[in-house]
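*Asks:* Next one to model:
(one chain, ligands or ions: 1)
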Amino acid sequence: MNITMIGTGYVGLVTGACLAEFGHQVTCMDKDQEKISFLENGGIPIYEPGLDQLVAKNVSEGRLSFTADLGEAVSDAVAIFVAVGTPSSRRGDGYADLTYIYAAARELAEHLTGYTVVVDKSTVPVGTARQVARVIAETNPEADFDVVSNPEFLREGAAINDFMRPDRVVVGSESERATEVMKEVYDPLYLISTPVVTTNLETAELIKYAANAFLSVKISFINEMATICESVGADVIDLAKAVGLDGRIGSKFLHPGPGYGGSCFPKDTLALLRVAQEHGVAARIVEAGVEVNAAQKARMVKKIRDALGGSESGKTIAALGLTFKPETDDLREAPALTILPPLFEKGAKIRVHDPKGMPEASQLFPDYIYADTAYDACKGADAVVLFTEWNQYRALDLTRIKSLMKNPVFIDLRNVYDPQKLRNAGFTYHGVGRN
Ligand SMILES: NC(=O)c1ccc[n+]([C@@H]2O[C@H](COP(=O)([O-])OP(=O)(O)OC[C@H]3O[C@@H](n4cnc5c(N)ncnc54)[C@H](O)[C@@H]3O)[C@@H](O)[C@H]2O)c1
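*Replies:* Numbering: from 1, shown residues only. This next block holds a predicted model:
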């Protein structure tokens, strides 16, 4: 089956490579010519475990190719996936910016020949699929097409496995013919009995927001519990374990930390609030989750300041990890990017290390010091702050770290280390929700 991917970012490239692995003939298109040239020359523009091998294999076997030419990409395609970005609007009002979606719809419309299924892979507010259909029909009244909503649930860092073995596939479709095409696209997943939820367009679009909102609320809930634990002398790790062992609740997403970030939860929760409000409905639980998350990040600033003796001015902070989670180079909305700047602005010197996030971070924060290793970052530090639980930070040589630091203060925002172990190693310990 000939498939085109419009937008070759985190989702487009992974989806394209995985669909090629399913046996389809996939062309990944992006308007970013530099990115396409890089891919054509064997480069992978993002860090995602296993993606380099998967792309190389499917390119060499002739099932995956790249282009910046939309006409070339779209001709012969039976299904055109739209996987362009839907960031928060630059106006700062929380609405999803759908500029890229509608631009892609207008651009692809001109090239449609024969029956084509246009698949919304991007996360979009309810009603967008119908608007995409309107834009295509207005641009090319002759076009024979259906629009389908097929939200993506992959997690960065585990994206290939998530795509190949998803918990479910959601297809919003109002056309039998389009649904049949989607069945063919995902045929290998039907063979492994993946649950497929076929529903109308609005429901499919809302499912994605509801799933992300639920997970982000779960994080905010445990972060709120962590704050209560700190106040009453309880331990959130034991609490989360016991609560999570209840099968109705589950242990996943019950890890307290510096607040959620990433390319999805922050923007999707806000976009869901706007959808609800625009329809005259309150989404108070989601609203509270968003507020708790912002407060959690601010609380981490205070936690670090307090650990530094009440003032960060003139102090050196060693930050371990910048990305919003391990195994990705994605810095979008990473908690470290919200928590470090106010400390820097009030006179702290910031030394950082991250296995994959430093090239982009150094563009965003040129005044921070970028260290080659975690140990180098800790040199002369008044406090070390663990922001991201990369595996390489899980077994640090604590004696060596202590010997490099000016003051042995360890602020473990991911609760990776046993507090007693850190104290035994001579550190002053600060975790999240533990005393
Ligand atoms: N990143 C994730 O983990 C994830 C997971 C699930 C869903 N999503 C959703 O998937 C969508 C894409 O996210 P992403 O993280 O891959 O974004 P991204 O920013 O990494 O990639 C988007 C790509 O689209 C390209 N693009 C924009 N307009 C274009 C156009 N008109 N023609 C061709 N290319 C165009 C950009 O150049 C960019 O390369 C978003 O809606 C996001 O919410 C993301």
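
*Asks:* Near the ligand, which residues of the stretch 251-400 of the chain? Just list them.
*Replies:* 263-264 (Cβ under 6 Å from any ligand atom). Placement of C-beta: from N, CA and C, glycine included.

*Asks:* what residue ranges in the stretch 251-400 of the chain score low on pLDDT?
*Replies:* Judged by pLDDT under 70, the stretch 251-400 of the chain has no weakly predicted residues.

*Asks:* By proximity to the ligand, which residue of it wins?
*Replies:* residue 263 (4.5 Å; Cβ to the nearest ligand atom).

*Asks:* Just say helix, strand or coil for that residue.
*Replies:* At residue 263, secondary structure determined by DSSP: H, G, I helix; E, B strand; the rest coil is coil.

*Asks:* now the helices for the stretch 51-200 of the chain?
*Replies:* For the stretch 51-200 of the chain, the helices defined by DSSP state H, counting those that start in this stretch cover 51-60, 70-74, 99-109, 128-139, 159-164, 176-185, 187-191.

*Asks:* which other helices and strands contact the third one?
*Replies:* Helix 99-109 sits against strand 2-6, helix 70-74, strand 79-82, strand 116-120, helix 128-139, with contacts defined as 3 or more Cβ pairs under 8 Å, 6 or more residues apart in numbering; DSSP states H and E.

*Asks:* orientation of the longest one relative to strand 116-120 in degrees?
*Replies:* What separates the directions of helix 128-139 and strand 116-120 is an angle of 140 degrees, with axes from the mean of the first three to the mean of the last three Cα atoms, to 10 degrees.

*Asks:* tell me the mean pLDDT for helix 128-139?
*Replies:* Mean pLDDT, helix 128-139: 98.

*Asks:* list the buried ones in it?
*Replies:* By neighbour count on 16 or more other Cβ atoms under 10 Å, the buried set for helix 128-139 is 128-129, 131-133, 135-136.

*Asks:* CA atoms only: put that helix into CSV for me.
*Replies:* Extracted in CSV, the C-alpha atoms of helix 128-139 (Å, rounded to 0.1, in the frame of the first residue of the first chain):
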residue,chain,number,x,y,z
THR,A,128,-10.7,19.6,13.3
ALA,A,129,-11.2,16.6,11.0
ARG,A,130,-14.4,18.2,9.6
GLN,A,131,-12.5,21.4,9.1
VAL,A,132,-9.7,19.6,7.3
ALA,A,133,-12.4,18.0,5.0
ARG,A,134,-13.9,21.4,4.3
VAL,A,135,-10.5,22.9,3.5
ILE,A,136,-9.6,20.1,1.1
ALA,A,137,-13.0,20.2,-0.6
GLU,A,138,-12.8,24.0,-1.0
THR,A,139,-9.3,23.9,-2.4
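
*Asks:* I'd like to check the angle between it and helix 99-109, please.
*Replies:* In terms of direction (the same axes, to 10 degrees), helix 128-139 departs from helix 99-109 by 40 degrees.

*Asks:* Could I get the contacting residues of the closest residue to residue 321 other than its chain neighbours?
*Replies:* Distances taken as Cβ to Cβ, 6 or more residues apart in numbering place residue 388 nearest to residue 321, at 2.6 Å, with adjacent residues excluded. Residues counted as contacts of residue 388 (Cβ atoms under 8 Å, 6 or more residues apart in numbering) are 320-326, 334, 336, 354, 414.

*Asks:* Residue 388 and residue 327, how far apart?
*Replies:* For residue 388, the distance to residue 327 equals 10 Å [Cβ to Cβ, to the nearest Å].

*Asks:* Give the burial count for residue 161, as a bare number.
*Replies:* 14 (other Cβ atoms under 10 Å).
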